[in-house]
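Asker: Sharing a model prediction with you, sequence too.
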Amino acid sequence: MFIDDVERVLISEEEIDKRCKEIGAQISKDYSGKTPVVLGLLKGSIPFMAELIKHLSIDCEIEFMAVSSYSGTESNGDVKIVKDLDRSIIGEDVIIVEDIVDTGKTLEKVKELLYSKGANSVTVASLLDKPDRRIIDIEAEYVGFVIPNEFVVGFGLDFNQKYRNLPFVGVLKEECYK
């Protein structure tokens, strides 16, 4: 069974739920009186975004983009826009929802693109932050959990499109990806 590929649970389902409530409350406070565009970066952001927006007490609009920069366990640094926005964001406040901030290359490219498309503001809500891997000086305004430099899966994070549906974040056994 694929759950046996997980060495250990790093962040439990209960911890994720609790932190999503806290981040949702903070975003609701920060965007009071506004209707931000909540922009999920496919595919990894889906579980986090779904949980997060349940805890927003403000109106929001939802959009998606698909970007790619990974091959196996490593970011190759070549960020590709696979699916662009379906609408204009001129003058909009955008909250990028990401599964993990790793090297920072993807977020830098997406933020630049959104500003070039006329966004009024762009902030980032990320379930995970892995600062030990950062190459670009970029930070998320809303962070669920800071994690060590380990290869993690679950709650949207994958290895070769597997493990996204785990209800927790776990460390993948090394023999599964080496």
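Answerer: Ah, there it is.
Asker: roughly how far apart are Ile23 and Met49?
Answerer: Look at Ile23 and Met49: by CB to CB, to the nearest Å, they are 11 Å apart. All C-beta spots, glycine's among them, are computed from the backbone N, C-alpha and C.
Asker: cool, Glu139 as well?
Answerer: Computed as CB to CB, the Glu139 to Met49 distance reads 19 Å.
Asker: which of the two has more neighbours?
Answerer: Set Glu139 next to Met49 and count neighbours by other CB atoms under 10 Å: Met49 wins out with 25 against 13.
Asker: What strand or helix carries that one?
Answerer: Secondary structure assignment for Met49, by DSSP states H and E: helix 46-53.
Asker: And for the nearest residue to Phe64 once chain neighbours are set aside, the neighbour number?
Answerer: Sequence neighbours aside, Gly40 is the residue nearest to Phe64 in space, at 5.0 Å (criterion: CB to CB, 6 or more residues apart in numbering). Neighbourhood size, Gly40 [other CB under 10 Å]: 25.
Asker: What strands flank the helix or strand containing Gly40, and is each parallel or antiparallel?
Answerer: Using DSSP H and E, Gly40 falls within strand 37-42. With DSSP bridges as the test, strand 37-42 is paired with strand 61-71 (parallel), strand 93-101 (parallel).
Asker: Worst mean pLDDT among those?
Answerer: For these, mean pLDDT drops lowest on strand 61-71, to a mean of 84.
Asker: which residues are contacting it?
Answerer: 35-43, 49, 53, 75-87, 89, 105-106, 109-110 (CB atoms under 8 Å, 6 or more residues apart in numbering).
Asker: so that strand versus helix 46-53, what angle?
Answerer: Angle, strand 61-71 to helix 46-53, by axes from the mean of the first three to the mean of the last three CA atoms, to 10 degrees: 150 degrees.
Asker: Show me what the lengthiest helix in the chain is packed up against.
Answerer: When the chain is parsed with DSSP state H, its longest helix is helix 13-30. Judged by 3 or more CB pairs under 8 Å, 6 or more residues apart in numbering; DSSP states H and E, the packing partners of helix 13-30 are helix 46-53, strand 121-129, strand 142-146.
Asker: hmm, 6 Å instead?
Answerer: Applying 3 or more CB pairs under 6 Å, 6 or more residues apart in numbering; DSSP states H and E, one finds that helix 13-30 makes contact with helix 46-53.
Asker: residues of the helix it packs on that come out buried?
Answerer: Residues 46-49, 51-53 are the ones in helix 46-53 that count as buried (16 or more other CB atoms under 10 Å).
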